[in-house]
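**Student:** let me see the structure of the following:
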Amino acid sequence: MGFVERHGLWTAEQTAAAEEIRSRAESGGLKVVRVVFADQHGLLRGKTVTAGEVANVLRDGTGIASSLLAKDTSGRTVFPLFTKETPLGLPELRGAADMVMVPDPLTFRMLPWSPGTGWLLCDLRFTSGAAVPLCTRGLLRSVLGQAGGVTYRTGLEVEFHLFRLDDPRLGSADLGQPGAAPEVGMLNHGYQYLSELRYDELDPVLDVLRAGIEGLGLPLRSLEVEFGPSQVEITLQPADGLGTADAMVLLRGAVKQIAARHGHHATFMCRPQLPGVFSSGWHLHQSVLRDGVGLFAAEPGTAATDGPRLSPYGAAFLGGLLRHARATTAFSTPTLNGYKRFRSQSLAPDRAVWGRDNRGAMVRVLGDGPSSTRLENRIGEPAANPYLYLASQLAAGLEGVAGGLDPGPAADEPYAARAEPLPRSLGEALDALDSDRVFADRLGKDFVAYYSSVKRAEIARFGQEVTDWEQREYFRVF
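**Tutor:** I've put the predicted structure just below:
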């Protein structure tokens with residue numbers, strides 16, 4: 001009896017899907033499978049196994065170093081793992097011991113750009129079979145389980161930059177942790193939002209991306225030219241539960257890998273340090289359904305003059321998003337760079353307000369009727385860990401429903417409304433997270449403390465660096 005069966009980790013549907021993967025491997029349809037998990041930053045980590053090893057991995061999972069959970073975005077380990085003290089209160093992490101990556105067979109994909117290569121997303125388990133509490137995919141599953149039998153449905157529209165790769169900067173002088181950023185060139189001038197002419201300029205590479213994304217089986221809706229130079233937006237069809245988060249980690253990986261194979265560099269960094277670029281955002285559409293019927297829509301004939309076109313459930317969910325917006329920002333905007341986006345009059349929010357189809361508000365109320373009424377939260381950056389972004393949104397919304405929170409009136413002038421400002425830095429967002437009991441209750445106080453510590457380590461490292469701004473500001477004048 002293997003690890004998966006011994007610990008009862010799969011449903012009947014997953015077991016059937018695993019048998020199909022085994023058959024494909026035995027028939028010669030697979031050469032290798034990339035077995036991966038999304039770490040605390042939403043970055044994919046894992047191993048590539050041969051076709052002959054696939055059956056073993058499906059039966060027993062595969063080991064991977066737990067030290068990956070102790071790293072910041074540069075790959076630096078920020079927690080001691082080789083001392084007598086218990087790392088993060090988890091003795092299983094001592095000495096960077098192994099965890100087990102357990103594949104979810106329902107996530108299996110073939111990579112169109114790498115013939116014979118499969119892709120499997122995994123959940124993390126300790127060797128005892130216990131769930132790893134720092135696994136962000138598992139954390140989202142836990143919050144979904146708090147929803148009282150309703151279905152959480154989300155859809156994404158995500159912006160990113162697509163550049164020509166001029167120099168990958170892979171020389172010995174470019175080494176570091178992190179290493180030097182690549183040198184890139186623009187693919188178009190930008191500032192021509194949704195220009196069909198600009199789209200045609202990008203069509204050769206966008207068509208390659210489209211083919212790869214569709215070949216991967218992701219629910220692509222549209223490819224669009226965004227406002228800034230070399231800026232693109234992708235939207236996906238809505239999905240339930242883990243679906244959107246799984247799709248987002250695969251989408252980011254696919255876009256970056258396909259672009260690199262064709263001489264381009266794709267980045268989901270919010271605001272690259274390049275002249276004239278425009279910040280990128282990740283707008284998350286969300287609704288809640290019971291028995292397939294949306295719960296956010298107001299009853300027919302409900303007046304909308306003094307409140308949202310939402311049911312009491314929808315209004316309270318919105319109230320939760322607004323009340324806990326500052327804390328959720330730590331998950332929706334998890335990089336120091338992302339806070340450069342929160343600017344007045346910028347199509348990005350700067351305060352916790354809602355509006356009816358108003359792109360300056362943090363949350364837009366959209367749709368008319370049970371099937372289309374939804375909330376679009378414009379708070380996120382493309383670099384967010386999708387599992388934590390969704391988990392924090394759902395946790396805040398459920399808390400609003402539990403407390404019957406009133407979202408207040410719509411903001412007709414969202415950049416002038418009297419409302420709580422969004423954090424101006426990652427440190428400020430983490431302070432808000434640490435002081436908001438909702439996330440300690442729903443995500444776990446140990447996870448919140450862990451996540452905050454990882455991000456504060458990045459802030460501390462940044463604080464020790466001398467920036468270009470400081471050099472220009474002080475080097476000559478003093």
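**Student:** for residue 379, what is the enclosing helix or strand?
**Tutor:** Here residue 379 sits within strand 374-380, counting by DSSP states H and E.
**Student:** any idea how far the residue nearest the centre of the chain lies from residue 184?
**Tutor:** What sits nearest the mean C-alpha location of the chain, by CA atoms, centre = their mean, is residue 386, with 2.4 Å. Residue 386 is 25 Å from residue 184, where distance means CB to CB, to the nearest Å. (C-beta placed from N, C-alpha, C; glycine too.)
**Student:** likewise residue 199?
**Tutor:** 20 Å.
**Student:** who has more neighbours, the two?
**Tutor:** Between residue 199 and residue 184, residue 184 has the larger neighbour count (other CB atoms under 10 Å), namely 20 against 16.
**Student:** which SS state does the more buried one fall under?
**Tutor:** Assigned by DSSP: H, G, I helix; E, B strand; the rest coil, the conformation of residue 184 is strand.
**Student:** name the nearest residue to it, ignoring sequence neighbours.
**Tutor:** residue 163 (3.6 Å; CB to CB, 6 or more residues apart in numbering).
**Student:** can I take it that the one you found is in a strand?
**Tutor:** Yes - under three-state DSSP, residue 163 falls within a strand.
**Student:** can you pull the contacts of it?
**Tutor:** Listed by CB atoms under 8 Å, 6 or more residues apart in numbering, the contact set of residue 163 reads 184, 185, 186, 187, 230, 264, 265, 266, 267.
**Student:** which among those end up buried?
**Tutor:** Applying 16 or more other CB atoms under 10 Å to the contacts of residue 163, the neighbour count classes 184, 186, 187, 230, 264, 265, 266, 267 as buried.
**Student:** helices along the protein, start to end?
**Tutor:** Assigned by DSSP state H, the helices in the chain fall at 3-6, 12-26, 54-60, 136-144, 196-215, 243-261, 312-323, 325-332, 386-403, 426-435, 437-439, 445-463, 468-474.
**Student:** so which of the ones you listed is nearest residue 409?
**Tutor:** Smallest distance to residue 409 across these (CB to CB): 11.4 Å, for helix 312-323.
**Student:** could you say what helices and strands the closest one packs with?
**Tutor:** Applying 3 or more CB pairs under 8 Å, 6 or more residues apart in numbering; DSSP states H and E, one finds that helix 312-323 contacts strand 282-290, strand 363-366, strand 374-380, helix 386-403.
**Student:** would CSV of these with distance to residue 8 be doable?
**Tutor:** Listed next are these as CSV, based on distance: least, CB to CB, whole Å:
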stretch, distance to residue 8
strand 282-290, 28
strand 363-366, 40
strand 374-380, 35
helix 386-403, 23
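**Student:** of those, which is nearest residue 72?
**Tutor:** Shortest distance between residue 72 and the helices and strands packed on helix 312-323, using CB to CB, is found for helix 386-403: 15.1 Å.
**Student:** quick check, distance from that closest one to the centre of its chain.
**Tutor:** Computed by CA atoms, centre = their mean, to the nearest Å, the chain-centroid distance of helix 386-403 equals 14 Å.
**Student:** one more: stretch 123-131?
**Tutor:** That offset, for stretch 123-131, works out to 23 Å (CA atoms, centre = their mean).
**Student:** next, the buried residues of that stretch.
**Tutor:** 123, 124, 125, 126, 131.
**Student:** over to stretch 436-449?
**Tutor:** In stretch 436-449, counting by 16+ other CB under 10 Å, buried: 436, 438, 439, 440, 442, 443, 444, 447, 448.
**Student:** was I right about the fourth one contacting residue 451?
**Tutor:** Which is residue 440. No - with contact defined as CB atoms under 8 Å, residue 440 does not count as touching residue 451 (11.2 Å).
**Student:** for the stretch 151-300 of the chain, give me the ranges with low pLDDT.
**Tutor:** Judged against pLDDT under 70, the stretch 151-300 of the chain has no low-scoring part.
**Student:** at 90 what do you get?
**Tutor:** Scanning the stretch 151-300 of the chain with the threshold set as pLDDT under 90 gives 174, 176-178, 189-201, 227-228, 275-276, 298-300.
**Student:** do the same with the stretch 351-478 of the chain
**Tutor:** Where the stretch 351-478 of the chain drops to pLDDT under 90, the residues are 357-360, 368-371, 412, 416-417, 475.
**Student:** format the contacts of residue 163 as TSV; extra columns: distance to residue 427.
**Tutor:** Listed next are the contacts of residue 163 as TSV, based on distance: CB to CB, whole Å:
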residue	distance to residue 427
184	29
185	34
186	33
187	35
230	30
264	34
265	29
266	29
267	24
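**Student:** for residue 294, which non-adjacent residue is spatially closest?
**Tutor:** residue 370 (3.9 Å).
**Student:** for the one you found, list the residues it contacts.
**Tutor:** Going by CB under 8 Å, 6+ apart, residue 370 touches 293, 294, 295, 296, 297.
**Student:** of the residues you listed, which belong to strands?
**Tutor:** 293, 294 (DSSP state E).
**Student:** filter the contacts of residue 370 to the buried ones?
**Tutor:** 294, 295, 296, 297.
**Student:** which two of those have the greatest separation?
**Tutor:** 295 and 297 (7.7 Å).
**Student:** shared neighbours, the two?
**Tutor:** With CB under 8 Å, 6+ apart, residue 295 and residue 297 have common neighbours 311, 314, 370.
**Student:** closest to residue 168 out of these?
**Tutor:** residue 314 (47.7 Å).
**Student:** roughly how far does residue 128 sit from residue 122?
**Tutor:** 17 Å.
**Student:** meant to ask about residue 13, not that
**Tutor:** Counting by CB to CB, the gap from residue 13 to residue 122 is 17 Å.
**Student:** okay, the two: which has more neighbours?
**Tutor:** Neighbour tally, residue 13 and residue 122, criterion other CB under 10 Å: the higher count belongs to residue 122, 26 against 10.
**Student:** great, nothing more from me.
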